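**Student:** Fold the following, please.
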Amino acid sequence: MAVIEQLTQDFLRTKKLPHIWCPGCGNGIVTAALVRAIERADFDQKDVVIVSGIGCSSRAAGYLNFNTLHTTHGRALAFATGLKMARPELKLFVIMGDGDCSAIGGNHFIHSARRNIDLNAVIVNNHIYGMTGGQHSPLTPVGKKATTAPRGTLEREFDLLKLARGAGATFGARGIAAQPRQLEQLIARAAKHKGFSVVEALSPCPIAYGRRNKLGGAVEMLREMKDSSISVEKASSMDTSELEDKTLTGVLFSEEAPEFSEEYHKSINKENA
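**Tutor:** Below is the predicted model of the structure:
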């Protein structure tokens, strides 16, 4: 308990609490995992920057006691890119929701991956726009209901990590709110990786998503999330048929490639030599 209390005092803006998230929301679990991951990575607090856009998950920037930027909808990665180019020594974590990242921010996402700029993208995927009205997002599963899909969405969802890898990201992992310690470890590994890293954190939204799709409350959603997920290590020894409807968790890819801000500053120094 003493460790938790110390992390709370050091890394949270306690005067901003209690938070505004709905009962059963997984954003608090993901935010706590992020805090523990930063502590695990042993970064200097003054060198850490939290950047967020607009949406439920993006409110975390207001509660975290680091340097923070709460930016416009879909533009968090653009702001973070500018900051990384100006101050490459900083450790940047960019918190986004599924709509914020993959819809209005989709172009920024793929080009951040293409550049392989050293940012840590933490995408809280609750399969819906929670704060702005319950619309379906590019990560809403086919057939699930939303205010903009009252009979169920017809559109296929992105596999966000396949999209990231195809665009050039060099680290990709997926964790779930039902397994917060694994999620913490994945974010910590991403933080140590040089290049554009993506951690997709699956999170329950009992109010805007679960209630509309009759998925039960937070406990039921977390239980189903855990039951339907499987680690990449275990999945490697299973048949394709056994993996149907399963969500892979863990590190899905980790590669090395030139990092953009480092290459840019090398070129500037070469020109000025």
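**Student:** Sort out which residues of the longest helix seen in the chain are buried, please.
**Tutor:** Within the chain, and with DSSP state H defining each element, the longest helix by residue count is helix 27-41. For helix 27-41, a neighbour-count test (16 or more other CB atoms under 10 Å) marks 27-39, 41 as buried. Placement of C-beta: from N, CA and C, glycine included.
**Student:** This structure: strands as residue ranges?
**Tutor:** Per DSSP state E, the chain has strands spanning 48-52, 67-70, 91-97, 120-125, 171-176, 197-202, 229-231, 247-254. These are given in chain order.
**Student:** Let me have these in CSV, extended by mean neighbour count and distance to Leu183.
**Tutor:** Converted to CSV, the strands of the chain look like this (neighbours: other CB atoms under 10 Å; distance: least, CB to CB, whole Å):
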stretch, mean neighbour count, distance to Leu183
strand 48-52, 24, 16
strand 67-70, 18, 21
strand 91-97, 28, 13
strand 120-125, 28, 9
strand 171-176, 26, 3
strand 197-202, 28, 6
strand 229-231, 16, 11
strand 247-254, 18, 9
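**Student:** Looking at these, spot the one closest to Glu262.
**Tutor:** With CB to CB as the measure, strand 91-97 is the member of the strands of the chain nearest Glu262 (14.0 Å).
**Student:** Give the pairing partners of the closest one; include direction for each.
**Tutor:** Strand 91-97 has these partner strands in its sheet, going by DSSP bridges: strand 48-52 (parallel), strand 120-125 (parallel).
**Student:** May I see those arranged in TSV, with mean pLDDT and distance to Lys214 as well?
**Tutor:** Compiled in TSV, the strands paired with strand 91-97 are given as follows (pLDDT from 0 to 100; distance: least, CB to CB, whole Å):
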stretch	mean pLDDT	distance to Lys214
strand 48-52	97	31
strand 120-125	97	20
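**Student:** Pipe those strands into JSON lines and attach distance to Gly210 per row.
**Tutor:** Written out in JSON lines, the entries for the strands paired with strand 91-97 read as follows (distance: least, CB to CB, whole Å):
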{"stretch": "strand 48-52", "distance to Gly210": "23"}
{"stretch": "strand 120-125", "distance to Gly210": "14"}
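**Student:** quick one on the thing from earlier: how about CSV for the strands of the chain, with distance to Ala61 added?
**Tutor:** Formatted as CSV, the entries for these read as follows, by distance: least, CB to CB, whole Å:
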stretch, distance to Ala61
strand 48-52, 4
strand 67-70, 4
strand 91-97, 7
strand 120-125, 11
strand 171-176, 20
strand 197-202, 15
strand 229-231, 27
strand 247-254, 25
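**Student:** mind checking which of those is nearest Ala113?
**Tutor:** Across the strands of the chain, the minimum distance to Ala113, taken as CB to CB, is reached by strand 197-202, at 7.5 Å.
**Student:** other SSEs contacting the closest one?
**Tutor:** The criterion is 3 or more CB pairs under 8 Å, 6 or more residues apart in numbering; DSSP states H and E, and the helices and strands that strand 197-202 contacts are strand 120-125, helix 160-167, strand 171-176, helix 180-192.
**Student:** Need the ones you listed in JSON lines (columns: distance to Met96).
**Tutor:** Listed next are the helices and strands packed on strand 197-202 as JSON lines, based on distance: least, CB to CB, whole Å:
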{"stretch": "strand 120-125", "distance to Met96": "5"}
{"stretch": "helix 160-167", "distance to Met96": "11"}
{"stretch": "strand 171-176", "distance to Met96": "15"}
{"stretch": "helix 180-192", "distance to Met96": "14"}
